[in-house]
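Enquirer: Output the structure for:
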Amino acid sequence: MGIISDKFILLKVKPSASLARIKNNLIGINQSLYGPDLEDLANQCLQEYEINMKGVKQAFGQFIFEHDCVDKAQADVSNELHRMLKLRFKNSAPRRPPRVIIVGPPGSGKDTQATLLAAQFGLVHVSAKALLLNEVQLDAEKGRIISNCFDTGAEIPDEMINSLVSKRLSQSDCKVSGWVLEGFPYTKNQINLLKSLNIKPSTVFLFEGTEDESVRRLGNRRVDPQTGIVYNLEVSPPGDEATSSRLVEQLKDSEKTVRTRYLAWKKMSPNIEESFRNQIHAIQCERTIEEMADLLADAI
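Expert: Coordinates of the predicted model:
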C-alpha cells in the first residue's frame, strides 16, 4: 500500500509475562481451556509471534525503536512512549527512504553509482538493464528483440520495459526501503508510466558527458566469455595473461553502437529535464568514482 511509518516501536517484555497474558486472553476466548492444553497453545502463540517478528525486523529494521517494558508499570511505559513520540530523531540519513533515479548517456557510470548508493543508504537497486537481461533468459521471443536492441543501440519497446519496471517498483522491499532506479525513464511513455503509478522521485540525477567520452569508456570494456566477468582495460584490467588473451568486445560496446545510443540519449534527455525539473541534479560524469559518489550522497 506504500505506507511507511514515521516510527516503529517494538515493546520488549519477558517471555514469562507474555505467556501469562496470552493464557488470560485464551481463557477469555475459551473458558474450557486449562492445564497442559492451555500451556501448549500459549507456547505455540508465543513461538508464532517470535517467528513473525524475525520477518518484521528484517523488513523494517531501519525504522524500529525497541522499548524495554520489563518490570515497568503500564503508566510508566505510556509516559515514556509519549516522550519518545515527541522527539525528533536527528540523523544524517533521510527521514523517508529516498526514491532516486539515475539517467545519463552510455558509459557514464550509472550502474556503478547506483550500486554504491544502494549500499550506503540501504536502498533497493532497480536496474532497467538487469530486468531486461533477466527477461532474455525467461522469454525466447522477447529475448531476441531485447538482444537486438542492445546490439544495435535501438530503443527497447516501451511496452516491454514498462511492465518490468512497474512490477519491480510495486514489490514490498522497494516500498519499505526506498530504491535507486537506474537507466529509466527516458521516453515520454516511460515518464508517464511513473506518473500514472503516482511514483514521485525524491531526486533525479542527470549524468552529463560528451559523446567521445562515452565512446572512450565503453571502448575499453571487455568481457571474459568463460566467466561473464566484465573488465575495463583502463580502470580494472584482468590480473593474468590467460584471462587477458581471451577477452572480447561486445557488439553493444562498438563505436558505431555507442554513438547511436548517445544520439538517442540526447534526443530523449529534454523529456527528463522537463518532467523532473524540480528534482533534477545535473552531474558531470568526468570525475572519479569516489568524487561522483560523494556528490550524489551529499545531494540525497
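Enquirer: mind checking pLDDT for residue 175?
Expert: Listed pLDDT for residue 175 reads 85.
Enquirer: and what of residue 283?
Expert: 90.
Enquirer: likewise the one 3 residues further on?
Expert: Per-residue confidence at residue 286 stands at 86 (pLDDT).
Enquirer: go on, the one 4 residues further on?
Expert: Reported pLDDT at residue 290 in the predicted model: 90.
Enquirer: Name the residues of the helix or strand containing it that are buried.
Expert: Residue 290 belongs to helix 289-299 when elements are defined using DSSP states H and E. By neighbour count on 16 or more other Cβ atoms under 10 Å, the buried set for helix 289-299 is 292, 293, 295, 296. Just so you know, the C-beta spots here come from the backbone N, C-alpha and C atoms, and that holds for glycine as well.
Enquirer: by contact count, what packs against it?
Expert: helix 110-121, strand 203-208, strand 280-284 (3 or more Cβ pairs under 8 Å, 6 or more residues apart in numbering; DSSP states H and E).
Enquirer: quick one, strands of the stretch 1-150 of the chain?
Expert: With DSSP state E, counting those that start in this stretch as the criterion, the stretch 1-150 of the chain has strands at 8-12, 64-68, 99-103, 124-127.
Enquirer: strands paired with the last one, and their directions?
Expert: Take DSSP bridges as the rule and strand 124-127 pairs in its sheet with strand 179-182 (parallel).
Enquirer: Would you mind listing the outside residues contacting the partner strand?
Expert: Applying Cβ atoms under 8 Å, 6 or more residues apart in numbering, the contact partners of strand 179-182 are 97-103, 110-111, 113-114, 117-118, 123-129, 165, 169, 201.
Enquirer: Stretch 233-247 now?
Expert: 217, 220, 221, 222, 223, 224, 225, 226, 231.
Enquirer: at 7 Å instead, please
Expert: 220, 222, 223, 224, 225, 226, 231 (Cβ atoms under 7 Å, 6 or more residues apart in numbering).
Enquirer: How many residues are close by the closest residue to the fifth one other than its chain neighbours?
Expert: With Cβ to Cβ, 6 or more residues apart in numbering as the criterion, residue 225 has its nearest non-adjacent residue at 5.9 Å, and that residue is residue 248. A count of neighbours around residue 248, defined by other Cβ atoms under 10 Å, yields 10.
Enquirer: From what I see, residue 248 and residue 224 are in contact.
Expert: No. In this structure, residue 248 is not within contact of residue 224 by Cβ atoms under 7 Å, at 8.2 Å.
Enquirer: follow-up on the earlier one: now the weakest link among the strands of the stretch 1-150 of the chain, please, by mean pLDDT.
Expert: Mean pLDDT values for the strands of the stretch 1-150 of the chain show the minimum at strand 64-68, a mean of 83.
Enquirer: Report the distance from that strand to the chain centre.
Expert: 26 Å (Cα atoms, centre = their mean, to the nearest Å).
Enquirer: one step back: most neighbours, which of the contacts of stretch 233-247?
Expert: residue 222 leads the contacts of stretch 233-247 on contacts (other Cβ under 10 Å) with 21 neighbours.
Enquirer: how close does the spatially most central residue of the chain get to residue 58?
Expert: Nearest residue to the geometric centre of the chain (Cα atoms, centre = their mean): residue 124, 1.5 Å. Counting by Cβ to Cβ, to the nearest Å, the gap from residue 124 to residue 58 is 14 Å.
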